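K.L.:
have a look; sequence and predicted model below, questions after that.
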Amino acid sequence: PLDASPIVKRTWSCPSMCRNVSLHLRGTVYHAPPHYFASSPFVAGVALFTVVRHPFTRMVSEYYCPWKGSSSAHYNDSAKLLNAWLEERLQVLTDSSSSAVGCCGANTRAMLGEWDGHLLPQHLYVFHRGKKQVDHVLRYENLDTEFSLLMSSYGLHITLRSTKLNVPTRSTETRLTAHDLTARMLEVGRHFYRHDFLLLNYSASRF
């Protein structure tokens, strides 16, 4: 039993489940890490898995996001705009004086409120106080293989679709990649997501 999404959506829609109600979670509150809720939204005994990706490629993907990304990203593949947008967002989401600051100086209040969980460090979904909360962590870069192996290990004959589901939300002509990030933005990313690199075992120099 690996799919608990209906339970997640029903339970996490209730603000009273939040550990810290001062965060004022709104919108798709199931974007929040599990440890932000008073009780687990998952059925006891189920195995949990999640998918992570390289922080630098995720930064670029967030730029193209139709909900919280740049409003100009879909018609202007500009490396200059990409880096400017990321620098502005990460600066806003970094506030060492905030009472909601978590590791890496991430302003969790802003990330889970105004930004709906976007750009939130990925390790927060996997670890809590140094303890791993998820049974299986799959890598987006090798998702087809790792997902198939995981399903097989549970005796499940489930495979991923061969066609992408998010094509309508991101043009196939978009061309910016992590290689378009400036040296400064790479350094900002290495600092902001330093725990992602460390705990999720991604290289901060290769992508």
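P.N.:
All right, it came through fine. These numbers were taken from a predicted model, which means no experiment stands behind them.

K.L.:
residues touching the nearest residue to residue 49 once chain neighbours are set aside, list them.
P.N.:
Nearest residue to residue 49, sequence neighbours excluded (CB to CB, 6 or more residues apart in numbering): residue 136, at 3.9 Å. Using the backbone N, CA and C atoms, a C-beta is placed for each residue, glycine as well. The contact partners of residue 136, taken as CB atoms under 8 Å, 6 or more residues apart in numbering, are 47-50, 150.

K.L.:
helices - which of the residues you listed land there?
P.N.:
Using DSSP state H, residue 150 are the members of the contacts of residue 136 that sit in helices.

K.L.:
could you list the buried residues of the longest helix along the chain?
P.N.:
The residue-count maximum for a helix in the chain (DSSP H) belongs to helix 79-92. Residues of helix 79-92 classed as buried under the neighbour-count rule (16 or more other CB atoms under 10 Å) are 82-83, 85-86, 89-90.

K.L.:
any of the contacts of residue 136 buried? List them.
P.N.:
Looks like the contacts of residue 136 have 48-49, 150 buried, using 16+ other CB under 10 Å.

K.L.:
now render those as JSON lines, adding pLDDT.
P.N.:
Compiled in JSON lines, the buried ones among the contacts of residue 136 are given as follows (pLDDT from 0 to 100):
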{"residue": "48", "pLDDT": "93"}
{"residue": "49", "pLDDT": "95"}
{"residue": "150", "pLDDT": "96"}
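
K.L.:
now, among the residues you listed, which is nearest to residue 188?
P.N.:
Nearest to residue 188 among the buried ones among the contacts of residue 136 is residue 49, at 29.8 Å by CB to CB.

K.L.:
ranges for the helices of the protein?
P.N.:
Taking DSSP H, the helices of the chain run over residues 5-12, 55-64, 79-92, 108-112, 143-153, 183-192, 194-199.

K.L.:
which of these sits closest to residue 122?
P.N.:
Nearest to residue 122, of these and by CB to CB, is helix 194-199 at 5.1 Å.

K.L.:
since we're on residue 179, how many residues are nearby?
P.N.:
By other CB atoms under 10 Å, the residues close to residue 179 number 10.

K.L.:
mind listing what it touches?
P.N.:
When contacts are taken as CB under 8 Å, 6+ apart, residue 179 is in contact with no other residue.

K.L.:
can we start the residue count at 36 from this point?
P.N.:
Taking 36 as the first residue, the last one we looked at is residue 214.

K.L.:
look up how far residue 221 lies from it.
P.N.:
From residue 214 over to residue 221 the distance is 10 Å, taken as CB to CB, to the nearest Å.

K.L.:
please apply the same query to residue 182.
P.N.:
29 Å.

K.L.:
over to residue 239?
P.N.:
As judged by CB to CB, residue 239 and residue 221 stand 8 Å apart.

K.L.:
over to the closest residue to residue 232 other than its chain neighbours: give its phi and psi.
P.N.:
The shortest distance from residue 232 to any non-neighbouring residue, by CB to CB, 6+ apart, is to residue 239 (4.7 Å). Backbone geometry at residue 239, expressed as degrees, to the nearest 10, gives phi -90, psi 0.
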